[in-house]
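1. no letters, just coordinates:
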């Protein structure tokens, strides 16, 4: 079975995702997979949109029409989760503006972060000011999720977020880390604080979080956002132009991106995966990773072994 390139436009999509984006009524097989927020049962689509990397770069340019199309594609295809952060350059502000202009701001699940840390400690006033700036940029009276970015200073920042949740200004709060050396702090917060979500890096060749973090998330009923599902570009460079193996048909995968996303979704602790992109055709491809069948435990191990046997990307 030949691989379909991420650059082949709408034909990249699994039929369901493409049909959804064009407004075609979906069957059960072509609807986006939904996962519950563990503490509330609210259902979220498993594929969202991140706004680092190329999204952030385009957000700083004069022409943001591609980003407008990416966000429109997300919501038209049954997605809703948009993950951003003040540190992602103009991403937060630009997304807030174009979503408002397009009339889709209230169809998005807005997830942002707070990350004001100076000299190893957070300044409470600065953190609160940054959060207020996020409210102004996003332009919504209530933000769905704010997380402490890259562990930050949990002792200072988590109480601020808990207070905002108690006041009804945010719906959920949590903490993120994409650095293994921060995992002990992340684990401590998961065990001791009433957080709703964590955000972590997780990919088919990056499985450290399976040891403690993901089992703990299941135990403590903490939702999980996944960042860097392609190892940024590492996994695409690793698989190269290889055709998809025959087992890809068993999970309705039409591209390597969909294989990688479905592999992640196959873990029961995962709530949402948020790959970043600035191209509508890649958004469609990614959304196909949340439609159709996902691998069981045995096939997940087979996929991991296949990719693990490939040469490391240079």
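-> On my side now, so go ahead. Just so you know, these numbers come straight off a predicted model, no measurement behind them. Numbering: from 1, shown residues only.
2. which residues of the stretch 101-250 of the chain score low on pLDDT?
-> 117-122 (pLDDT under 70).
3. in it, which spans are strands?
-> For the stretch 101-250 of the chain, the strands defined by DSSP state E, counting those that start in this stretch cover 109-114, 143-148, 170-177, 197-201, 223-227.
4. of these, which is nearest residue 94?
-> Nearest of the strands of the stretch 101-250 of the chain to residue 94, taken as C-beta to C-beta: strand 109-114 at 13.1 Å. All C-beta spots, glycine's among them, are computed from the backbone N, C-alpha and C.
5. what's that closest one packed up against?
-> Judged by 3 or more C-beta pairs under 8 Å, 6 or more residues apart in numbering; DSSP states H and E, the packing partners of strand 109-114 are strand 81-83, helix 124-138, strand 143-148, helix 154-166.
6. just the pLDDT for the residue nearest the centre of the chain.
-> The centroid of the chain falls nearest to residue 274 when counting by C-alpha atoms, centre = their mean (1.7 Å). Looking at residue 274, its pLDDT is 98.
7. residues contacting it?
-> 47, 48, 49, 50, 81, 83, 111, 225, 226, 227 (C-beta atoms under 8 Å, 6 or more residues apart in numbering).
8. what strand or helix carries residue 299?
-> Assigned by DSSP states H and E, residue 299 belongs to helix 297-308.
9. buried ones in that helix, by neighbour count?
-> Across helix 297-308, burial judged by 16 or more other C-beta atoms under 10 Å covers 299, 300, 302, 303, 304, 307.
10. for that helix, packing partners?
-> In this structure, helix 297-308 makes packing contacts with helix 234-239, helix 256-265, judged by 3+ C-beta pairs under 8 Å, 6+ apart.
11. got a markdown table for those, with distance to residue 181 and mean neighbour count too?
-> Formatted as a markdown table, the helices and strands packed on helix 297-308 follow (distance: least, C-beta to C-beta, whole Å; neighbours: other C-beta atoms under 10 Å):
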| stretch | distance to residue 181 | mean neighbour count |
| --- | --- | --- |
| helix 234-239 | 19 | 18 |
| helix 256-265 | 22 | 26 |
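12. which one of those helices lies nearest to residue 157?
-> Ranked by C-beta to C-beta, the member of the helices and strands packed on helix 297-308 that lies closest to residue 157 is helix 256-265, at 27.2 Å.
13. just checking, next helix/strand downstream of the closest one?
-> strand 272-273.
14. who touches that next one?
-> By C-beta under 8 Å, 6+ apart, strand 272-273 touches 35, 44-48, 81, 223-226, 229, 261, 264-265, 289-290.
15. again, but for stretch 230-242
-> 3, 6, 53, 203-206, 256-257, 260, 275, 307, 310-314.
16. and if we set it to 10 Å?
-> Around stretch 230-242, the neighbours that count as contacts under C-beta atoms under 10 Å, 6 or more residues apart in numbering are 2-3, 5-6, 52-53, 201-206, 228-229, 256-257, 259-261, 264, 275-276, 286, 306-308, 310-314.
17. before we move on, the earlier item: please indicate which of the contacts of residue 274 are buried?
-> For those, buried by 16+ other C-beta under 10 Å: 47, 48, 49, 50, 81, 83, 111, 225, 226, 227.
18. could you list which residues are in contact with the third one?
-> Applying C-beta under 10 Å, 6+ apart to residue 49 gives the contacts 55, 67, 70-71, 73-75, 79-84, 95, 108, 272, 274-278, 283, 286-287.
19. that one pairs with what?
-> residue 82 (DSSP bridges).
20. mind checking pLDDT for residue 314?
-> Reading off the model, residue 314 has pLDDT 66.
21. for residue 46, see how far away residue 297 is.
-> Going from residue 297 to residue 46 by C-beta to C-beta, to the nearest Å gives 17 Å.
22. do residue 151 as well
-> Distance, residue 151 to residue 46, by C-beta to C-beta: 25 Å.
23. please apply the same query to residue 247.
-> Counting by C-beta to C-beta - residue 247 and residue 46 are separated by 20 Å.
24. likewise for residue 206?
-> 19 Å.
25. between these two, who's got more neighbours?
-> When residue 206 and residue 46 are compared for neighbours, residue 46 comes out ahead with 25 against 17, by other C-beta atoms under 10 Å.
26. quick check: phi and psi on the more buried one?
-> Main-chain dihedrals, residue 46, degrees, to the nearest 10: phi -70, psi -20.
27. these two touch, right, it and residue 265?
-> Yes. Between residue 46 and residue 265 there is a contact under C-beta atoms under 10 Å: 5.2 Å.
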